[in-house]
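In: no FASTA, just this:
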């Protein structure tokens, strides 16, 4: 069997050499064609997928680098703001009192009554109206003497809780008093 | 053929290097993400504080300061004049006074006009009350 196989190969070899000697041009053409086919096949099925895969991976890497850069920026921002936060922390309570995160009208009214009585005014009427954007409008009627009107307005402006005086009206007819239209604020969460 | 094979080998080497780099970058991204996720409560706290401080600054800047305008108007009223009504708003103060002498109002206006923050003064009306023998004047001072 082994001998038969060896003979077969020898015969084929001799036949090929004979053909090669007989038709060398044809043989060169055949080899050229074979090479071209191999190149095309190798290019399409070997090189192309590798290049496509390389390209995709490179794109993915570029995207990853962008994401990493964004995350690094966020981390840097966080570190910087953490330091800032630590430095403002002792004063935060004052700012929170100026704009609390709930209406907390009881405390405001109590503080308001205190400064009113200090200036000789008595709160007669107190109406509240919750508006948009965390605004609370207050209509306040008071009785008291006109001489302390300026001082009263000044004290209201200086309240811990930020108070915008929309209008302050002093009347001095049969009885003397003050009407105030104020705005206070509640911090809205974003 | 050799060139092609070389190209293939080269591309495989590049791909391998790229894979390593991608894996390293991916690990870094994962670590950074995890770090930020762990700090989520801190981020919320900081964002809320920034919001609080910005709102505070905005409201303080927008706060109308009426007291100085009121002080100017009230201090300009002569002793002989009776104050009836004052209405102060962000950029104007309206005042109504009774006086025995019309000159008192003129004095008031001249005092108010000396202040450089006053934009204009409008004398709305001057009535003479025969029964009381008094002038009732209404002035509106507008501020810059």
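Out: Yep, that arrived. A quick note: this is a predicted structure, and the numbers were derived from the prediction, not measured.
In: With adjacent residues omitted, what lies nearest to residue B:73?
Out: Spatial nearest neighbour of residue B:73, chain neighbours left out: residue B:93 (4.8 Å); criterion: Cβ to Cβ, 6 or more residues apart in numbering or on different chains. Any C-beta I mention is one placed from the backbone N, CA and C, and that applies to glycine too.
In: Check residue A:173 too.
Out: Using Cβ to Cβ, 6+ apart, the nearest residue to residue A:173 is residue B:84, at 7.1 Å.
In: neighbours around the one you found, how many?
Out: 17 (other Cβ atoms under 10 Å in any protein chain shown).
In: try the one 3 residues further on
Out: Counted with other Cβ under 10 Å, the burial measure for residue B:87 works out to 16 neighbours.
In: secondary structure element for it?
Out: Applying DSSP states H and E as the criterion places residue B:87 in strand B:82-89.
In: Which strands border the helix or strand following that strand, and is each parallel or antiparallel?
Out: Next in sequence after strand B:82-89, counting helices and strands by DSSP H and E, comes strand B:92-99. Its sheet considered, strand B:92-99 pairs with strand B:82-89 (antiparallel), strand B:134-143 (antiparallel) by DSSP bridges.
In: Please render these as TSV that adds mean pLDDT to the earlier fields.
Out: Listed next are these as TSV, based on pLDDT from 0 to 100:
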stretch	mean pLDDT
strand B:82-89	91
strand B:134-143	92
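In: okay if I get these as CSV plus distance to residue A:182?
Out: What follows is the strands paired with strand B:92-99, written out as CSV (distance: least, Cβ to Cβ, whole Å):
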stretch, distance to residue A:182
strand B:82-89, 12
strand B:134-143, 20
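In: Now residue A:140: which helix or strand?
Out: Using DSSP H and E, residue A:140 falls in strand A:135-144.
In: Just the mean pLDDT for that strand, thanks.
Out: In this model, strand A:135-144 has a mean pLDDT of 92.
In: which strands and helices sit next to it?
Out: helix A:105-118, strand A:121-130, strand A:176-185 (3 or more Cβ pairs under 8 Å, 6 or more residues apart in numbering or on different chains; DSSP states H and E).
In: which parts of stretch B:33-48 are buried?
Out: Neighbour counts over stretch B:33-48 (16 or more other Cβ atoms under 10 Å in any protein chain shown) mark B:39, B:43, B:46 as buried.
In: which helices and strands does the lowest-mean-pLDDT helix or strand in chain B pack with?
Out: For chain B, using mean pLDDT, DSSP states H and E, the weakest element among its helices and strands is helix B:2-38, scoring a mean of 87. For helix B:2-38, the elements it packs on are helix A:48-98, judged by 3+ Cβ pairs under 8 Å, 6+ apart.
In: The helix it packs on near chain B at all?
Out: Yes: Helix A:48-98 is in contact with chain B by Cβ under 8 Å from any Cβ of the partner chain, via A:50-51, A:53-54, A:57-58, A:60-61, A:64-65, A:67-68, A:71-72, A:74-75, A:78, A:81-82, A:85, A:88, A:92, A:95-96, A:98.
In: partners of the lengthiest strand in chain B, with directions?
Out: In chain B, assigned by DSSP state E, the strand with the most residues is strand B:118-129. Here strand B:118-129 is paired, per DSSP bridges, with strand B:134-143 (antiparallel).
In: buried sites along the strand it pairs with?
Out: Judged by neighbour count using 16+ other Cβ under 10 Å, the buried positions of strand B:134-143 are B:134, B:135, B:136, B:137, B:138, B:139, B:141, B:143.
In: Quick one: residues in contact with it.
Out: The contact list for strand B:134-143 (Cβ atoms under 8 Å, 6 or more residues apart in numbering or on different chains) reads B:69, B:72-73, B:82, B:84, B:91-102, B:104-105, B:108-109, B:112, B:117-129.
In: for residue B:109, helix, strand, or coil?
Out: Per DSSP: H, G, I helix; E, B strand; the rest coil, the local secondary structure of residue B:109 is helix.
In: can you pull the contacts of it?
Out: B:121, B:123, B:139.
In: looking at this, residue A:103 is in a helix?
Out: No: assessed with three-state DSSP, residue A:103 is coil; it does not lie in a helix.
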